[in-house]
Structure formats: C-alpha cells, structure tokens
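Trainee: predicted coordinates and the sequence they were generated for:
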Amino acid sequence: MTTEEIDISDIPYSGEEIFRRVSVRYRENPSFEMQEDVLSEYNSFHTSGKSAIGKTIFKSKSNNILSFASISSKDELEKMIEDVFYSETLKVEDHWLRELHECTMYLSKKFYEPYREWRNVGVALHNSDDRCFLTWMLFSSKSEKFDFADLPGYWEEWCDKMTAGRGLSHRSIHWWLKEESPEIYEKVKQKSTDYYVDMTINPDAKTGICRSNDYDIASVLHALYKDKYVCVSVKQNAWYKFENHRWIEDDCGTTLRQSLSTDISAAYSKKVSQLMPLMYTTLPPGQGITGSSATDEDQAKQNKTRSIINNCINIIDRCKKTSTKDSIMREAREIFYQRNFIQKLDQNPLLLGFDNGVIDFETKEFRKGKPSDFISLSTNRNYVPIDRNNDEHNDVLKQISDFMSQLFPNESLKKYMWQHLSSTLLGTNENQTFNMYTGKGSNGKSILVKLMEIVLGDYKGTVPITLITQGRNKIGSASPETAQLKGKRYAVMQEPSKGDRINEGIMKELTGGDPIQARSLFKDAITFIPQFSLVVCCNVMLDITSNDDGTWRRVRVCPFKSKFTKTPVSDDPDSPHQFKIDPQLEKKFTQWAPIFVSRLIEIVFERGGVVDDCDIVMAASDKYREGQDYLTQFVNEKIEAAEGKKVKKTELTEVFRTWYVEQFGGGKGKPKAREIYEFMDKKYGKFKKGWHNIKIIYDDDDDEDEEEQVEKLKNQIIELKKIPQPEQRTPEWYTFRNNRLTASDLGTIIGQNPYENYNSIIQKKCGLEKPFKTNKHIQRGVKYEDVIIKIYEYRNNVKVFEYGCIPHPDIAHFGASPDGIVDSISINKDYIGRMLEIKCPGSRPITGFCPDYYHAQVQGQLEVCD
C-alpha cells in the first residue's frame, strides 16, 4: 500500500461534511473482512463481558426492571417509553418529561438529519434528564440512517461524551418547536396545562381529594410560564422574565403574580364554561336529567360536575386574593428556581443583544433572541443592516468616515482604531490588550468614548481607576466594581492622576481571559470570564513598574494627535492636525449609532475580531515602556564601561536599592534583587565572580583620577584611627554608647524598627532599662562576626580594620560603631574605604534587600565617618 500527500483544499467536502463523515454516526464507511488470526481475538473480546448498557435500568408501570439491552426494534423502544413517560405512577412533578418528549417528537426533519442539529437535540435532552435518552433514540429512529444495533454506542456517547453545550436544555426544545410550529407547540402546551388544571379540580381516584393547594396552583403557573420566567433567588425573591429577545429583571415576580388574577383565573373560568352545559344536558322530552327518568348514575355525574365547578370557582376566588397569591408565589419560587441561572447570564461571547433581536457572530446572522441565549444586556437600540443603496445610510456613513478621519489623520492609525473598536463587540477578547487613549486638550478621546457608549448601551462599562491601581480585595469582601463588568464588552477608565501605579496582577487578570470571581453588595459571589476590552483615557500616563513581557505585551498606546478648536490653524508645528469644533456633534450620535454599530459588525464578520498592530501604536507603546523600564533607566544612570573593572552582587544590590527608593519610593512592590541580576546577565554576560569591564557610577564621582581618590581615602582612614574610641563590647564602650544616640538607634527613632520604640530608647539612655539577657541571636552574631570578616577579606583580597565607637565630629550626642572599614593597606585598591555592617540572621530569608531599620543604621555610620 502507498500513500499520497494531497492539499487539503482539494478535498471535495465542506468542513461540516468532513465532520459528519468521521463521526461515529456515519454508516457509509467501507467495511472489510477480518483475517482469521484476528477474528477469534475480536470475538473473544466482544463476548468476554456484558455491555455497559445492560446495566442501565428503569422501572415500568408494572414495577418491572427494564434494560436498554433488550431494545432491538422501534416497537420495543415505544413500549419502554410508554412505561416510563405515560405510566399512571408518573409523579406529577415529572409530567414535564412527558411534555418534553412530545415536543421533541414533533420536531421536523431538519433537527434529526443534519448532524449538528441532531446532536444539539441530544445535548438538550441530556441536560434535562437521563430518561430522555429514550426520547433521543426514538427521535433518532425517524432518520433512515438510524440502526438499533448502534444503541449501545449512543448510550456510551450519552454517558461519557455529551458536553454541556451553551445553555442547551429542555427550554431549547420548547423554543425550537415554538419557532418551527407555533400551533403544534400551543397544543402541546395546552394539553400540559389542562393536565395540571385537571389535577387541581378533579378528586383523586383513590383518595377522593383534590390537589388544589398552593403548590398545585403554582404548578399550573409553571406549566404556562416555565419558558418565560425564572426565579434566581428563593431567599431574595429575585425573578427574571424573558421579553423582547432577552431576560430582564422582574421585581419580586410581579408580572407573574399578576397573571394569577388574569391568565390563571381565565383558565379556570374556561373550565367552568366547558362544564356548565353538562349541568343542563337533556334527555328526550319529559325525561330531564333531574326528572323521573334520571338514574342514580345521572345524578352522580351531575353532582361530580357541580363539585368540579365549585372547585374552579373556589380557585378563581383564591387567585384574586392578596394573601393566597402571596402563598402561591412563595411556592412558585421553588418550582421556578434555577440555581445556576445568574452564572449563565451574558456568558456567551459570540452574541450581541439588540432590542429587535440578536447578532450571532458564530453563524454571522441576525436572528430572534432565545431563552437559551441567556442574554440580559442590550445595545438598547434596533439592529439596522447597512443598505448602501439607501441615500440616508450613505450620508451617515460619510459623516462617520469624516469624523474618524479627523480623529485619526494617519491612515494606519485610523485602520487600527476601526479594528480595535469593532473587536470590542466580540466577547472573546482575542487580542488581550489594554488600550490607552492618550493626548492632551480637546483631542477627541472623550467624544469617541461617548459615541461608543451610545452605540453599545448596556455593553459599555465604566471602571474606577482604583480598580487597577489599588491592591486586591480581601477574601470574602464585596467587589461591586468588578461584578458589574460581567458581560460588558467595552470597559473604560477615565483620567488617572500623576503617580497612579498599575497593579500589574489585576490588569493581567482583567485582560487575560481567565475566570475571575467577584461579588456585588449583599449578593452571592459569581465567577465569570471577562469579555471586555479594557481602555483608559489619560493625559497623564499610568506608572508601570513591572518589566515582564506578560505585562507589556498587553499595552497599546493609542495617540490622539488631533486638536479641535473654534479657530483652527494649519501652521502650528506643535499641533499640525487642527479641526473646527462642532458644538452639535453629540446630537448626531443618536442618528449615527445604528449605522456605526452595523459597520463595526461588518468588520467583525470580515476579521473575526483580530486587530493588526500598527507602527504608530507600537512605537508609542515602546516609548512608553522605555520611560517606565526602571532596570534600563538604572543601568543608563548608574553603570558605565570600565576596562578591567567589575561589579559584584552585593555592591550592585545596595546601589540599586538606594536608587530605586529615591526614584519610586519604598514600601511594597519593590523589585527583587534577582530582577537586576537577570537584567545584568542579559546585558553584560553571565555573572562570573562579577560582571566584568563595567563599574558603578557614584553620586560623588568626580574628575579625580583613581590614584587621587585612593590617596584621599587613605587620609580619611588615618584621621578616623586618630579619634579616641573605646574598643567594642568593653565596659568603656558601653558607657560611651549610653551617653549618646548611636547609628543603631536611628531605625527606632524614625519608627522603622518593629522590635523597639521611643520609650525603650529613653529607658536605655537613662539607665532604667531591664538587665539585658543575651539570646541565641546575639550569641550567633558574636560567634560568626569575625568569621564573616575573614571570608570577606579572603574573597575580595582586602584587609578590614575594626573600629570602636566613633563620636560624630560635630554632633556631640551622636556616634557609631562600624563593624569594619576596608583599610588602606589592602591589595585590592577598589575596595579601600568600604564600610562593613555585618548581620547574621539564623532563619530570615536573604532577599537581597536589608530591612529599613538596618538601612538607617548604615546611613548613620556613613554620616559619622565621612
């Protein structure tokens, strides 16, 4: 056998036809005889155990156990359906299954011949009840392709491979029949309603009692309106109603409650009208039903009819009483309740709701809205397709085109913005970008957002800038700003202040396409996938301290370079694109909106929501990143080439930390040391006992040559050694320290030391402190301090000189005790004058940054010794 490679475009089938042919349901594939050595093994495998379908059982009306394995014909299947759906023992609350079965069987050929529609019916039934598998099989048997021998395979698919689908359920079946055959649907619905009505007015055959309590009347209500109303919270009495192609909130189910006094009462009044003639049915003249010829049976029928009529009148009366209606509605909450309804609302990113229907981006069509769409949002306007033979449409198109050309004089930028704005209609968020509309003074940012607000209606969201500049909410706390973004397509933030810094984690979460959780005030938490494109309008750019590509690949800076003024000029080099402002522009937006959104939809149909980056946007984004890239900024300011020199991690870390705090402030969010290490590795090569041929630029560097600097340091060291200073940890040293503030006290004085406070310093300096007891941490420091100095000397080829407590040259009550200073006799001249402060933490992780109170101590030592 040989194989031949062909181009996929040469395959003479559509994608849907290929999918149908490779499905398990396709029965026209060629079959081949098995070779004898394989046949015996195959037979052994297929007879070694029973099919899983044999384990599936139902109870019939005679309480017999029924197994799918016994079904080999349509008659047997119909017999099982009779036992399951039409049994006298079928519970009242399960009657909806009978109605669902009948609705399914009335669906036409277009629902069981095409694979996609046939499977959708199966998914809808699967999501309703497992007993509906019988319905699916009987429905499938209407096709000539169906074979009862394949039933085990269908059951396996039902159990293991049926996906939930996008909201497909029994509601979908009802809707399909209602749209396809409204008259048949009304007959099925009326039949079901009659069943529930009869249950409430006819005495039970066994008990003689009518089922006419509040729950039973609520069941009649459900039979009439189950495809139109949903209770989403029993506790809060929250309802939704399907109306005008979408689900809208119905305050406490008020309109449903009203139907008790109207439609439900009318249903029982109709029953009375049907029964009244039976009260006066006549026999031949002189033999009336109550006359001499009337039998006991006639009298019993009349009494029964009278009783049923009285039951109807009683229910009609109850349905118009406030107290009874309240009780019925309380029962209705439980019957109409759908637990995950709110979770499903506005979750389909491929649908866009209008007042007159729904745009389906998957099928590229405008159609009626369905309950199973689970749409609650709308653009709040009708969809009007563009008719390019319509002069009015063409005039509006030209006005819109002129408007966009003035906003974006550059063609590539205008093309980008058309694509960007159209992509916001889709909820798939394919591009995962964060667009920043920038520009100062009357440049059209706000007016464009206003137009989009009118165009998108409910789909436009307003976001407080604090959502992405502050920290995350605590677990369990309300987050209404986030919760209100569910289903939104275009979320806009306005004008950050100077110094506002983006929380990169939140920004990634909102634009990344992953599920997020939020909670509105006094409501349960919801989980949803963000569908919106995030936009900020700004004159002042937000600060972004993160340097990772995951953050910056999302950022798109969209410059608004035009200026709208009363007196535009053409020769202003700082603002070359000036246009006369139109004070009536916003009034035109209502007329523009239907055509504008239709044009955006056309672009989505053409491009699928994909936005091509343009040079202007990417250049502005890169420039923005360069201005925010603190690592590049640090290296540019503090590192320079120096042949033969090198920079070590300890020195780099301390200089970088000091520089970062000076530039951006301290507190949370300070970068870790490994970030600058990785950056240095990329720029100057992997660290090998230092980064070579570079040096750090210090603020006090001047034009002195190295020999002059070394000589200056030597003289400073000589002068320090001349100062009288008691040796560390001697009685004289302790006395000397207690008479003044020292560098180690500075962290406490400025409120940075978590272990001491002002009172402890005052007590210590006044001799009132408690007797000091050593601890393991102090002992560890004493034990290893000398060892660390030796290691430092060995690694850096230097000699460290230990100092006592040195008094400040000008401030008599201040002093410091540095652990050591690199002496002038050191071989490595680059380290002469470096001061050591040694810490020996036993368990604290080494992060590359020392605590702030240690930093204050070192600053104090430098002040004393400089």
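Mentor: Received the coordinates, thanks. Numbers count the residues shown, from 1 in each chain.
Trainee: could you point out which element follows the top strand by length along the chain?
Mentor: What stands out as the longest strand in the chain, according to DSSP state E, is strand 639-647. Downstream of strand 639-647, the next assigned helix or strand under DSSP states H and E is helix 649-664.
Trainee: tell me what the helix or strand following that next one is packed against?
Mentor: Sequence-wise, the next helix or strand downstream of helix 649-664 (DSSP H and E) is helix 673-684. If contacts are counted by 3 or more Cβ pairs under 8 Å, 6 or more residues apart in numbering; DSSP states H and E, helix 673-684 sits against helix 630-638, helix 649-664, strand 691-696. (Each C-beta comes from the backbone N, C-alpha and C, glycine too.)
Trainee: so which of those is nearest Pro152?
Mentor: Among the helices and strands packed on helix 673-684, helix 630-638 comes nearest to Pro152, with 63.3 Å by Cβ to Cβ.
Trainee: any idea of the pLDDT on the nearest residue to Glu362 once chain neighbours are set aside?
Mentor: Among residues not flanking Glu362 along the chain, Leu350 sits closest, at 4.5 Å (Cβ to Cβ, 6 or more residues apart in numbering). For Leu350, the model assigns a pLDDT of 95.
Trainee: Asp360 is in contact with Leu350, correct?
Mentor: Yes - between Leu350 and Asp360 there is a contact under Cβ atoms under 8 Å: 6.6 Å.
Trainee: tally of neighbours for the residue nearest to Glu362?
Mentor: By the measure other Cβ atoms under 10 Å, the count of residues near Leu350 is 15.
Trainee: how far away is it from Gly512?
Mentor: Computed as Cβ to Cβ, to the nearest Å, the Leu350 to Gly512 distance reads 19 Å.
Trainee: please apply the same query to Ser562.
Mentor: Separation of Ser562 from Gly512 (Cβ to Cβ): 33 Å.
Trainee: more crowded one of the two?
Mentor: Neighbours per residue, other Cβ under 10 Å: of Ser562 and Gly512, the larger number sits with Ser562, 21 against 15.
Trainee: which one is that one nearest to, not counting chain neighbours?
Mentor: Using Cβ to Cβ, 6+ apart and skipping the chain neighbours, the partner closest in space to Ser562 is His577 (4.4 Å).
Trainee: for Gly167, same thing?
Mentor: Leaving aside its chain neighbours, Gly167 sits nearest to Ser372 (4.4 Å; criterion: Cβ to Cβ, 6+ apart).
Trainee: ok, back up a step: and the helices and strands packed on helix 673-684 as CSV, adding distance to Trp155?
Mentor: As requested, the helices and strands packed on helix 673-684 are arranged in CSV below (distance: least, Cβ to Cβ, whole Å):
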stretch, distance to Trp155
helix 630-638, 61
helix 649-664, 64
strand 691-696, 68
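Trainee: compare these and give me the one nearest Lys320.
Mentor: helix 649-664 (70.8 Å).
Trainee: could you give the mean pLDDT of that closest one?
Mentor: What helix 649-664 shows for mean pLDDT is 86.
Trainee: packing partners for it?
Mentor: Counting contacts by 3+ Cβ pairs under 8 Å, 6+ apart, helix 649-664 packs against helix 630-638, helix 673-684, strand 691-696.
Trainee: list the buried residues for the first one?
Mentor: Right, the one you point to is helix 630-638. Within helix 630-638, the residues scored as buried using 16 or more other Cβ atoms under 10 Å are 630-631, 634-635, 638.
Trainee: give me the contacts around that helix.
Mentor: Defining contact as Cβ atoms under 8 Å, 6 or more residues apart in numbering, one finds that helix 630-638 is touched by 545, 547, 626, 655-656, 659-660, 663-664, 671, 675-676, 679-680, 683, 696-697.
Trainee: thanks a lot, catch you later.
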